[in-house]
Structure formats: structure tokens, C-alpha cells
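Colleague: need a structure here:
(one chain, ligands or ions: 2)
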Amino acid sequence: MSTPITGVTLTPVAFADPALLNAVGVHEPYAIRTIVEVHTADGVTGLGETYADTGHLNRLRAVADAIVGQDVFALNAMFATARRVLSGNTGADGHGLTGMITSSGTVDRVYSPFEVACLDVQGRLLGRPVSDLLGGAVREAIPFSAYLFYKWAAHPGGEPDSWGAALDPAGIVAQARKMVDEYGFTAIKLKGGVFPPEEEVAAIHALRAEFPDLPLRLDPNAAWTVETSIKVGVELDGVLEYLEDPTLGIEGMAQVARDVPMPLATNMCVVSFDHVKPSVLHDAVGVILSDHHYWGGLRRSALLSGICETFGMGLSMHSNSHLGISLAAMVHLAAATPNLTYACDTHWPWKSEDVVEPGILSFVDGSVRVPTTPGLGVELDRDALARLHEQYLACGIRDRDDTGYMRRIDPSYELRKPRW
Ligand SMILES: O=C([O-])C(=O)C[C@H](O)[C@@H](O)C(=O)[O-]
Ligand SMILES: [Mg+2]
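Modeller: Ligands and ions are numbered 1, 2, ... in the order given. Sure thing, here's the model as predicted:
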């Protein structure tokens, strides 16, 4: 008995994104994603969501063609197909925020949305939520953190968004207040690497004064030297629950880890299974930020959680700009991961449009309830999908390029790693 895949539809979409600043530039007016639909002989379709950069999209197309005819339950065979089709085809992330991408990491990135879509089909066929396919939910709701960004009030020449500018500690505190009040978040992360470290340390102290009880995190995306990272880490002793990717590479992180009091977290130096062994040998990180989009889907992310448990590392969750299918997948994975004890990252508050029907996923007290309906529990809004696809065609963005966009606005902008 099998449920063959009869076809796969890949739809690139673009959705509005505010002018969020980071260590490599500024977000473009639109973020791009690919919506994956896996159709089966039983008439059931499953959903996945992933990046949409040109190289990735081409790799998705190659694997999509190769999995037609395969059983939607045969995920090991599907992974082997992805590995065969992508042999020698290694991608890059284009924006430099997720570190080195290996060839096995490329397979994991491309395979992931197909696996998620197949799990959605399996759940729909069995009448069970995806969390049940991962061993069952150990929590009913998933806590997320407020993800703060330095930002401009608007894209140049564009309309101001509802968040306003945040370019100093007062702006960051105001942004946090609005986000915490609207969503009820119980942890706060500041995306740093934008201003000199002392200004970002001041912003963290201002957040601590305003939110005395909420765990705080700072993530400069490796914009600092080892020396700067140690200085900041020592200065923020007792203030941060973890310091995320202060500096580049496993060896640099290991040097910092030896001299700072808080755990170091990463979504840059350990981003594939190849990186785990050197990271453990160097004792470089205390917390790995998992992300099913590049750890090979939900089941391989569960493998990562076992590795973290084995080596006594903490586990948190990373996020890029994403839509509702990804949020649903993150929620099911988090629900079925007992050792995921930190509030997860999400870019959710920064988006104003989606491809899924509204109302299913919502935040109460900073958490999203785990859907209990079959599959991922989200449905495509076909009109919205068509509209966001038109937006993709019209906006002209084909590869995420925060640095190029920043240089078009400020030709003197230089990309420096480390910057401070
Ligand atoms: O390090 C991180 O948490 C990220 O890379 C998350 C996002 O990519 C964020 O930095 C962004 O979108 O600017
Ligand atoms: Mg990070």
C-alpha cells in the first residue's frame, strides 16, 4: 500500500517587509518565500514553505520533479533522492546570516519543505496533527520571543509602517513595549550588529530597566571581534540569558565562550550536522538555534534535539522572515521537542500579509496554541497566494540582498566582518 505523489507545485511569493537593519545591511521592501504543495493520488495536498532565492528555487525544482511517483510516507527514500539529485550542487545563503553552507547542509535545506508537506499529507490522511507524527506534543502552546530590530520608519520613498523608527535605546524600548503589549511575549531578543557595541549594550540595559523580569538576548550576527565579544559578554553578566553569535566561526566562538559568563548561542557557526562535531570538540556553543528550514525538516530537527541533549547543549529556535505555513511547522516541531526550553524566535509581528487563512494561528500571552486538527492545521488562502505571487513577479527581487539594497541607499556602506 502506498500513497504516491502525483505532482508538486512551487509558487514563489513576495510579502511586504519593513526596513529592518542588521549586520549586513537592511531588509528589502519585500521578503521572498516559496510555497510548496505536494499533491497525492489520494487527492490530499500537503503544504511546505521555504526560501525563494534563485539557486534554491532551481534546486527545489530539480527535487520536485524527482519525487513524483514516490510514496508520501517514504521520507527516507525521498531524502536519498534529494541527496542524489543535488550531488555536487552546494548553495550559499546570499545574505551571509547563516554562516557556511556545506553540501550536506544544502540537501537538508532543499529537502525540508518537501518533508514538511509530506508530513502535512500524512497527518491529513491519518486524521492526526503533525505533532503526533513526531512523537506527540509535550506542551499545548509554544512561547515565542519578541524579536526587536533597529529600523527606519520607512523604506526610502515608501510609506511609514506602524512601528516607527528605532535607532537608539529609547526607540528600541518603545518597539519592545508595543510588541510585548500586543503579543504578550515573555522573552526579548535584540538583533544587533548595527551600531557600535556600547550603543547596543545601552539598549539592553534600557530593556532590562523597562522589563525587569523578561529574559533578554542580543544577536550581532558575528559583527564583533573575539576581544569585543568578551568585553560585551562580561559587561552584560547577569543581564542576558544567552549571547547569540557575537563572533565568526567555531574557534572564535570557543575563545569567547571561555571568557564570558553566559552561554553562547548560534545559528551561524553550527548550521548543519557537519558542524556539530567540531563545535562539541571546541566547546564553542552552549545553545543551538534549530531551524527546520535548514536542518532538514522536522524529523531531522528532532535528531538535532537528541544531539543537544546528548552533549548537554541547550536548544532554541531561529527564524527568518516567514509566513503561516512555516509558523505552523515550527509550532508542531516545538510542541514535540521536550528539550526546547527557550522561547522561540519569530519574525511574525513584522509581516502584514500571508498565504494562509487568517485566525488559525494567533498569539496569546506570547504563545501560539498547537493546532490539534489533522496535518499542520493551516489552509492556503488561494486568493492571497495568487496576490503574493503577482507581488513576487512585480517586485523584481529574486535573491535576498540586504547589503546590495543598503548600498543603493548609501553607496558608502561597507560590509565588514568583524566590524567592531
Ligand atoms: O541570526 C539570526 O537570528 C538571523 O539570521 C535571523 C534573520 O536572518 C535576521 O537576522 C534578519 O532577517 O535580518
Ligand atoms: Mg542569530
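Colleague: in this protein, which residue is closest to the centre?
Modeller: residue 319 (2.0 Å; Cα atoms, centre = their mean).
Colleague: SS state for that residue?
Modeller: coil (DSSP: H, G, I helix; E, B strand; the rest coil).
Colleague: which residues sit in contact with the residue lying closest to it once chain neighbours are set aside?
Modeller: Leaving out its chain neighbours, the residue that sits closest to residue 319 by Cβ to Cβ, 6 or more residues apart in numbering is residue 345, at 4.1 Å. (C-beta placed from N, C-alpha, C; glycine too.) For residue 345, the residues meeting the contact criterion (Cβ atoms under 8 Å, 6 or more residues apart in numbering) are 144, 145, 147, 189, 289, 316, 317, 318, 319.
Colleague: Go again with 10 Å.
Modeller: 144-147, 187, 189, 191, 217, 219, 244, 267, 289, 291, 316-320, 330 (Cβ atoms under 10 Å, 6 or more residues apart in numbering).
Colleague: Next, the contact list for residue 306, please.
Modeller: So residue 306 contacts 315, 337, 339 (Cβ under 10 Å, 6+ apart).
Colleague: Can you check what pLDDT the model gives it?
Modeller: You'll see residue 306 listed with a pLDDT of 98.
Colleague: Also residue 206?
Modeller: pLDDT at residue 206 comes out at 98.
Colleague: With residue 316 instead?
Modeller: 98.
Colleague: secondary structure class for it?
Modeller: Assignment for residue 316 (three-state DSSP): strand.
Colleague: Skipping adjacent residues, who's closest to it in space?
Modeller: residue 342 (3.9 Å).
Colleague: what separates that neighbour from residue 77, distance-wise?
Modeller: Separation of residue 342 from residue 77 (Cβ to Cβ, to the nearest Å) stands at 34 Å.
Colleague: what does residue 60 give?
Modeller: Relative to residue 77, and taking Cβ to Cβ, residue 60 is found at 18 Å.
Colleague: ok so, going back, and the residue nearest to residue 316, how many neighbours?
Modeller: 22 (other Cβ atoms under 10 Å).
Colleague: so it, which of the three states?
Modeller: coil.
Colleague: so what's it up against?
Modeller: 143, 145, 187, 189, 215, 217, 241-242, 265, 287, 289, 314-317, 334 are the contacts of residue 342 under Cβ under 10 Å, 6+ apart.
Colleague: The nearest residue to residue 415 once chain neighbours are set aside in helix, strand or coil?
Modeller: The shortest distance from residue 415 to any non-neighbouring residue, by Cβ to Cβ, 6+ apart, is to residue 403 (5.1 Å). State at residue 403, reduced to three classes by three-state DSSP: helix.
Colleague: Hmm, residue 403 is touching residue 21, no?
Modeller: No. At 11.8 Å, residue 403 does not count as touching residue 21 under the criterion of Cβ atoms under 10 Å.
Colleague: So what's the residue count around residue 314?
Modeller: 19.
Colleague: That one and residue 217, how far apart?
Modeller: Distance from residue 314 to residue 217, by Cβ to Cβ: 12 Å.
Colleague: Which neighbours do these two have in common?
Modeller: 241, 242, 265, 287, 342.
Colleague: By neighbours, which of these wins?
Modeller: residue 265 leads those on contacts (other Cβ under 10 Å) with 29 neighbours.
Colleague: Dihedrals phi and psi, it?
Modeller: Phi and psi for residue 265, reported as degrees, to the nearest 10, are phi -110, psi 160.
Colleague: From residue 148, how far out is it?
Modeller: 16 Å.
Colleague: now do residue 40
Modeller: Residue 40 is 41 Å from residue 148, by Cβ to Cβ.
Colleague: got it, and residue 139?
Modeller: Separation of residue 139 from residue 148 (Cβ to Cβ): 25 Å.
Colleague: now residue 281
Modeller: 34 Å.
Colleague: and those two? which has more neighbours close in?
Modeller: For residue 281 versus residue 148, neighbours defined as other Cβ under 10 Å are more numerous around residue 148 (27 against 10).
Colleague: helices or strands next to the helix ranked longest in the chain in the packing?
Modeller: What stands out as the longest helix in the chain, according to DSSP state H, is helix 103-126. Helix 103-126 sits against strand 5-16, strand 30-40, strand 45-51, helix 54-67, helix 75-85, helix 130-133, helix 297-310, helix 324-335, with contacts defined as 3 or more Cβ pairs under 10 Å, 6 or more residues apart in numbering; DSSP states H and E.
Colleague: orientation of that helix relative to helix 54-67 in degrees?
Modeller: Orientation check (axes from the mean of the first three to the mean of the last three Cα atoms, to 10 degrees): helix 103-126 against helix 54-67 gives 50 degrees.
Colleague: Would you mark the buried spots in helix 103-126?
Modeller: By neighbour count with 16 or more other Cβ atoms under 10 Å, helix 103-126 contains the buried residues 105-125.
Colleague: Over to stretch 72-88?
Modeller: Those would be 72, 73, 74, 75, 78, 79, 81, 82, 83, 85, 86, for stretch 72-88 by 16+ other Cβ under 10 Å.
Colleague: what do you get for stretch 168-179?
Modeller: Buried-residue list, stretch 168-179, by 16+ other Cβ under 10 Å: 169, 171, 172, 173, 174, 175, 176, 178, 179.
Colleague: can you list contacts of that stretch?
Modeller: 145-151, 153, 162-166, 185, 188, 190, 195, 199-207, 209-211, 214, 216, 349-350, 366.
Colleague: okay, and for the chain, where does confidence drop off?
Modeller: Counting by pLDDT under 70, the chain shows low-confidence ranges at 92-100.
Colleague: neighbours around residue 89, how many?
Modeller: The tally of other residues near residue 89 (other Cβ under 10 Å) stands at 14.
Colleague: That one: helix or strand, and which one exactly?
Modeller: Using DSSP states H and E, residue 89 sits in no helix or strand.
Colleague: can you pull the contacts of it?
Modeller: Residue 89 neighbours (Cβ under 10 Å, 6+ apart): 55, 58, 59, 62, 103, 106, 107, 110.
Colleague: try 7 Å
Modeller: With contact taken as Cβ atoms under 7 Å, 6 or more residues apart in numbering, residue 89 is in contact with 59, 106.
Colleague: What of residue 253?
Modeller: Neighbours of residue 253 in contact, by Cβ under 7 Å, 6+ apart: 247, 264, 266, 269, 284, 285.
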